[in-house]
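>>> pasting the sequence and the predicted coordinates here, then a few questions.
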Amino acid sequence: MAKHRVVDIPASNIIRDITRILYDKGYILNYKFEEDGPQGNIKIALKYQSGTKHPAIKHIERISRPGLRKYAGKDSLPRVLNGLGIAVLSTSQGVMTDKEAREKNIGGEVLCYIY
């Protein structure tokens, strides 16, 4: 919302996996992992629509939180904007999108919705 080109965030394993998913799905331009100290940082180059200042990521909604975890079984995986957005899940086979979890026929903890 602040129209920054590059953001710098503290790294964790979950955030690294979500960053890779965002890059693979085309929501961000590029990313770089920096190992500074015990935690490290991630530099993310944000993506904007050409000719306008509208960001590629219009909305990120955190679903599961420490006070209330949300889980979805293989039969009840969420669809974001009828398939136009993605839901990020943490499964026993790693962090993946809802479409990948449907293909592998597994469920897990719903981390966030992105569209």
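Yep, that arrived.
>>> from now on I want contacts and neighbour counts done on CA atoms only, so please keep to that.
Fine.
>>> need the pLDDT of the most far-flung residue of the chain relative to its centre.
No residue in the chain sits farther from the centre than G51, which is 25.0 Å out by C-alpha atoms, centre = their mean. Looking at G51, its pLDDT is 74.
>>> and it, helix, strand or coil?
Under the three-state scheme (DSSP: H, G, I helix; E, B strand; the rest coil), G51 adopts coil.
>>> strands of the chain, residue ranges please.
Taking DSSP state E, the strands of the chain run over residues 6-10, 28-34, 41-46, 60-62, 71-72, 86-91, 94-97, 108-114.
>>> check which helices and strands the fourth one is in contact with.
Read that as strand 60-62. With contacts defined as 3 or more C-alpha pairs under 8 Å, 6 or more residues apart in numbering; DSSP states H and E, strand 60-62 has these neighbours: strand 108-114.
>>> report all helices and strands that the longest helix along the chain contacts.
Identified as the longest helix of the chain according to DSSP state H is helix 13-24. In terms of contacts (3+ C-alpha pairs under 8 Å, 6+ apart), helix 13-24 is packed against strand 28-34, strand 94-97.
>>> buried set for the first one?
In other words, strand 28-34. I28, L29, N30, Y31 (16 or more other C-alpha atoms under 10 Å).
>>> now do stretch 30-48
Neighbour-count burial for stretch 30-48 flags N30, Y31, N41, I42, K43, I44, A45, L46, K47, Y48 (criterion: 16+ other C-alpha under 10 Å).
>>> same thing with stretch 52-72?
Neighbour-count burial for stretch 52-72 [16+ other C-alpha under 10 Å]: P55, A56, I57, I63, Y71.
>>> can I get the helices and strands packed on helix 13-24 in CSV with distance to I21?
Shown next, in CSV, are the helices and strands packed on helix 13-24 (distance: least, C-alpha to C-alpha, whole Å):
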stretch, distance to I21
strand 28-34, 10
strand 94-97, 7
